[in-house]
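Asks: got a predicted structure plus its sequence, pasted below:
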Amino acid sequence: QVQLVESGGGLVQAGDSLRLSCAATGRTLSNYAIAWFRQAPGKEREFVAAINWTRGRTYYADSVKGRFTISRDGAKNTVYVQMNSLKPEDTAVYYCAASYGVVSGTEGAIEYDYWGQGTQVTVSS
């Protein structure tokens, strides 16, 4: 069993940056792939970024490519997403999720086994 806790959300202005954290307990993340998804009001949950822990390969949605960076810290069993040049359309609840094994970046939310509770990111124009 993996427990995931997100933190770092908040209210920022367009163009600002935020770093979200996803801290895991229960299991080491070394055998998992970790992803960030987001869900805006009235919209479906969408993929943002993912990282395969072992080799560190990363994947991004086109909408965040070049602005967001996903990374991992083995010592802290934590995954981060650095979000730069934020836009109002980035406003959503951001969730981290874990999938045992590796991912290719095309998996939907249903492929992930463990989820955090989410953290709100609001970007004002």
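Replies: Yes, it's here. Numbering: from 1, shown residues only.

Asks: and the residue nearest the centre of this structure?
Replies: Nearest residue to the geometric centre of the chain (C-alpha atoms, centre = their mean): W36, 2.2 Å.

Asks: hang on, that residue packs against S71?
Replies: No - the criterion here is C-beta atoms under 8 Å, and W36 misses it with S71 at 11.3 Å. For the C-beta atoms, the positions are set from N, CA and C on the backbone; glycine is no exception.

Asks: now for the residue nearest to the centre of the chain: which residues touch it?
Replies: 20, 22, 48-50, 70, 79, 81, 94-97 (C-beta atoms under 8 Å, 6 or more residues apart in numbering).

Asks: redo that, cut-off 6 Å
Replies: Each residue near W36 by C-beta atoms under 6 Å, 6 or more residues apart in numbering is listed here: 48-49, 81, 94, 96.

Asks: closest one of the residues you listed to S30?
Replies: In terms of C-beta to C-beta, no member of these lies closer to S30 than C96, at 15.9 Å.

Asks: checking my notes, the closest one in a helix, right?
Replies: No - applying DSSP: H, G, I helix; E, B strand; the rest coil, one finds C96 to be strand, outside a helix.

Asks: I figured it hits L4, correct?
Replies: Yes - if you go by C-beta atoms under 6 Å, C96 and L4 touch, sitting 5.2 Å apart.

Asks: more neighbours: these two, which one.
Replies: A direct count of neighbours by other C-beta atoms under 10 Å for C96 and L4 places C96 higher, at 31 against 21.

Asks: please name the bridge partners of that one.
Replies: W36 (DSSP bridges).

Asks: contacts only, for it.
Replies: Per C-beta under 6 Å, 6+ apart, neighbours of C96: 4, 6, 22, 36, 116.

Asks: swap in T91?
Replies: 122-123.

Asks: distance of K65 relative to D113?
Replies: 26 Å (C-beta to C-beta, to the nearest Å).

Asks: more neighbours: these two, which one.
Replies: D113 (13 against 10).

Asks: that'll do, ta.
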